[in-house]
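Colleague: give me a model of this one.
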Amino acid sequence: MSPDTLHNPMSLVGRSMLVTGASAGIGQATAVLLSRLGARVTLNGRDEGRLGDTLSRLSPVSNGPDGGHRVAPFDMGELDAIPAWMKEQAALSGPFDGVAHCAGIQTLRPIRIFTQEFFDQVMRVNLGSCLALAKGLRQKGVKAERAAMVFISSTAATAASPANIVYAAAKGGIIAATKGLSAELLPDGIRVNCVVPSIVMTDLIERGFEKLSQEQIDHLQRLQPLGFGHVDDVAHAIAYLLADTGRWITGTALTVDGGRTA
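Modeller: Okay, here's the model as predicted:
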């Protein structure tokens, strides 16, 4: 077999990746995939026990403890503390080559019961955490010479989303932040992109479907010609943007929505 046959532009061997929201869903699928591509992964979430479950699913990349991966519980809602926390993690794992920010919250709430507290929480966790992670990654010693960030937006930001207005606004802010950060962090050698998925079948979505009628579920599925997404569909897009396959891509919102916006 020739060396050219073995070439894999998505190889992440020797690279260090931080994945937030890694305890379940898209974050867990992303962490597993990055480990299979050879990356050392730092797993972030609020629940150490659930992060331990994700850790057990990762492909080992070394003979060291936990196969070269680490668990790093932390609440991404603590915005001001994120940069210092990232510096601590980089000191333990080595500078980060990439950050996959999959943490976030979604709670349906019609505008008639809108409150400042609800607004602050959704914006802080979904949008504010992106900005704090960007601030943290550009610190000396935290990022590798060349690094990449990938955020998770949503088609809720680009299509009517009744009773989901604040979440949609936060996810729209992520698209805008992606473009602004891609220019601002260019001198730091950091690429910034986001993935824009539609409905992906996670445990959270499945629990939400329990409150819907079959007719409502069928309607949602008809909106996506390729059907509901799988967590791996989004994880693959994230890995593509983090690896050398995304070397010439920054400031982009990559739509992964089963054809919903086509």
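
Colleague: mind checking how far stretch 252-262 is from the chain centre?
Modeller: In terms of Cα atoms, centre = their mean, to the nearest Å, the centre of stretch 252-262 is set 16 Å apart from its chain centre.

Colleague: typo on my end, stretch 71-79
Modeller: That offset, for stretch 71-79, works out to 14 Å (Cα atoms, centre = their mean).

Colleague: same check, this time on stretch 131-148
Modeller: 16 Å.

Colleague: that stretch - what's its average pLDDT?
Modeller: Averaged over stretch 131-148, pLDDT sits at 97.

Colleague: same check on stretch 187-199?
Modeller: 96.

Colleague: start at 46, not 1
Modeller: Right, with 46 as the first residue, what we last looked at is stretch 232-244.

Colleague: how deep is the spatially closest residue to Leu78 that is not a sequence neighbour tucked in, by neighbour count?
Modeller: Leaving out its chain neighbours, the residue that sits closest to Leu78 by Cβ to Cβ, 6 or more residues apart in numbering is Ala280, at 4.6 Å. The way it works is simple: take the backbone N, C-alpha and C, and place the C-beta from them, glycine included. Ala280 sits with 26 neighbouring residues when counted by other Cβ atoms under 10 Å.

Colleague: figure out how far the helix or strand where Ala280 lies is from the centre of its chain.
Modeller: Ala280 is part of helix 276-287, with elements assigned from DSSP states H and E. Chain-centre distance of helix 276-287: 9 Å, with Cα atoms, centre = their mean.

Colleague: each with direction, which strands does the helix or strand following it pair with?
Modeller: Downstream of helix 276-287, the first helix or strand assigned by DSSP H and E is strand 298-301. Using DSSP bridges, strand 298-301 pairs in its sheet with strand 235-242 (parallel).

Colleague: could I get the CA-only coordinates of the partner strand as PDB?
Modeller: C-alpha atoms of strand 235-242 as PDB (Å, rounded to 0.1, in the frame of the first residue of the first chain):
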ATOM      1  CA  ILE A 235      -7.500  31.000  15.100                       C
ATOM      2  CA  ARG A 236     -10.100  30.000  12.600                       C
ATOM      3  CA  VAL A 237     -13.800  30.400  13.800                       C
ATOM      4  CA  ASN A 238     -16.800  28.600  12.200                       C
ATOM      5  CA  CYS A 239     -20.200  27.300  13.300                       C
ATOM      6  CA  VAL A 240     -22.400  24.500  12.300                       C
ATOM      7  CA  VAL A 241     -26.100  25.100  11.800                       C
ATOM      8  CA  PRO A 242     -28.200  22.000  12.400                       C
END
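
Colleague: report the angle between it and helix 276-287.
Modeller: Going by axes from the mean of the first three to the mean of the last three Cα atoms, to 10 degrees, strand 235-242 is angled at 160 degrees with respect to helix 276-287.

Colleague: related to what we said a few turns ago, which helices and strands sit right next to the helix holding Ala280?
Modeller: Here helix 276-287 touches helix 70-81, strand 141-146, strand 188-197, strand 235-242, strand 298-301, going by 3 or more Cβ pairs under 8 Å, 6 or more residues apart in numbering; DSSP states H and E.

Colleague: what's near enough to touch Ser227?
Modeller: For Ser227, the contact set (Cβ atoms under 8 Å, 6 or more residues apart in numbering) comprises Arg236, Val237, Asn238, Thr295, Gly296.

Colleague: if you set the cut-off to 6 Å instead, what comes out?
Modeller: The contact partners of Ser227, taken as Cβ atoms under 6 Å, 6 or more residues apart in numbering, are Val237, Thr295, Gly296.

Colleague: just give me how far stretch 290-304 sits from the chain centre.
Modeller: 13 Å.

Colleague: okay, how far is it across it, tip to tip?
Modeller: Across stretch 290-304, the terminal residues are separated by 23 Å (Cα to Cα, to the nearest Å).
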